[in-house]
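Student: When you get a sec, could you give me coordinates for this:
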Amino acid sequence: MDRIAGGETAEYVYIARRNNSLSSSGRLLVFGFTFLVSVGIAAAFSLVFGAWPILPFAGIEMGVLFFALRYIDRHAADYERITIQGDRVTVDVRAGAETSRFELNRYWAQVVFEGSRLALRSHGREIELGRHVCDGERREMARDLARGLQRSESRGQASNS
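Tutor: I've put the predicted structure just below:
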């Protein structure tokens, strides 16, 4: 059993995060180094050989790299957290600055795994899961989630008899 917010215990908690191999300061250092090298080479070609059209292209290249690294930085803390507690399944999803929470009834929730797509379905709603994990981990996540949902069914049947 895992602890969740408020000190309560949950029967099942799964957290999927992005693989961030480079920290925010690391990305800044990479950008700074790349900027110096690219603009330095472009300036040298411009001054020595008179190839001034290289400068705007170096600027465009650095602009694209800046926006790509900025996008990565904004989504570095993205996650999906699935919590099963009692008769409730809670899915928290953070994408960028936006955080969403979905609650499903545990007894009606179904795990849908088609090809490499994983989702939870209940009452005509479907929540896609596993964006931050590879196919093999997504398959394992589907199996674990299905087992987690079934635990209460077998416990409920045992207590009713």
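Student: Of all the residues in stretch 125-132, which ones are buried?
Tutor: For stretch 125-132, a neighbour-count test (16 or more other CB atoms under 10 Å) marks 127, 129, 130, 132 as buried. All C-beta spots, glycine's among them, are computed from the backbone N, C-alpha and C.
Student: just stretch 107-124 next, same as before
Tutor: For stretch 107-124, using 16+ other CB under 10 Å, the buried residues are 109, 111, 113, 118, 119, 120, 122.
Student: any idea how far the residue lying closest to residue 79 once chain neighbours are set aside lies from residue 60?
Tutor: Distances taken as CB to CB, 6 or more residues apart in numbering put residue 17 closest to residue 79, at 4.7 Å, once the chain neighbours are dropped. Using CB to CB, to the nearest Å, residue 17 is found at 33 Å from residue 60.
Student: If you count surrounding residues, which of these two has more?
Tutor: A count of neighbours by other CB atoms under 10 Å puts residue 17 above the other of residue 17 and residue 60, at 14 against 10.
Student: and that one, how far is that from residue 128?
Tutor: Where residue 128 is concerned, residue 17 sits at a distance of 16 Å (CB to CB).
Student: do residue 60 as well
Tutor: Distance from residue 60 to residue 128, by CB to CB: 35 Å.
Student: now do residue 77
Tutor: With CB to CB as the criterion, residue 77 and residue 128 are 19 Å apart.
Student: got it, and residue 72?
Tutor: In this view, residue 72 and residue 128 are 21 Å apart by CB to CB.
Student: sorry, back to before: and which of the buried residues of stretch 107-124 is nearest to residue 56?
Tutor: When those are compared for distance to residue 56 (CB to CB), residue 118 wins out at 45.0 Å.
Student: Tell me the strands beside the one helix or strand that closest one maps to, with direction?
Tutor: In the assignment (DSSP states H and E), residue 118 maps to strand 117-122. Taking DSSP bridges as the criterion, strand 117-122 forms sheet pairs with strand 110-114 (antiparallel), strand 125-129 (antiparallel).
Student: Return the set of residues that bridge with residue 127.
Tutor: Applying DSSP bridges, one finds that residue 127 bridges with residue 120.
Student: ok, now which ones touch it?
Tutor: The neighbourhood of residue 127, defined by CB atoms under 8 Å, 6 or more residues apart in numbering, consists of 91, 93, 102, 104, 119, 120, 121.
Student: Could you list the low-pLDDT ranges of the chain?
Tutor: With pLDDT under 70 as the threshold, the chain has low-confidence stretches at 1-8, 151-161.
Student: all helices of it, in order?
Tutor: Assigned by DSSP state H, the chain shows helices spanning 24-49, 54-74, 135-160.
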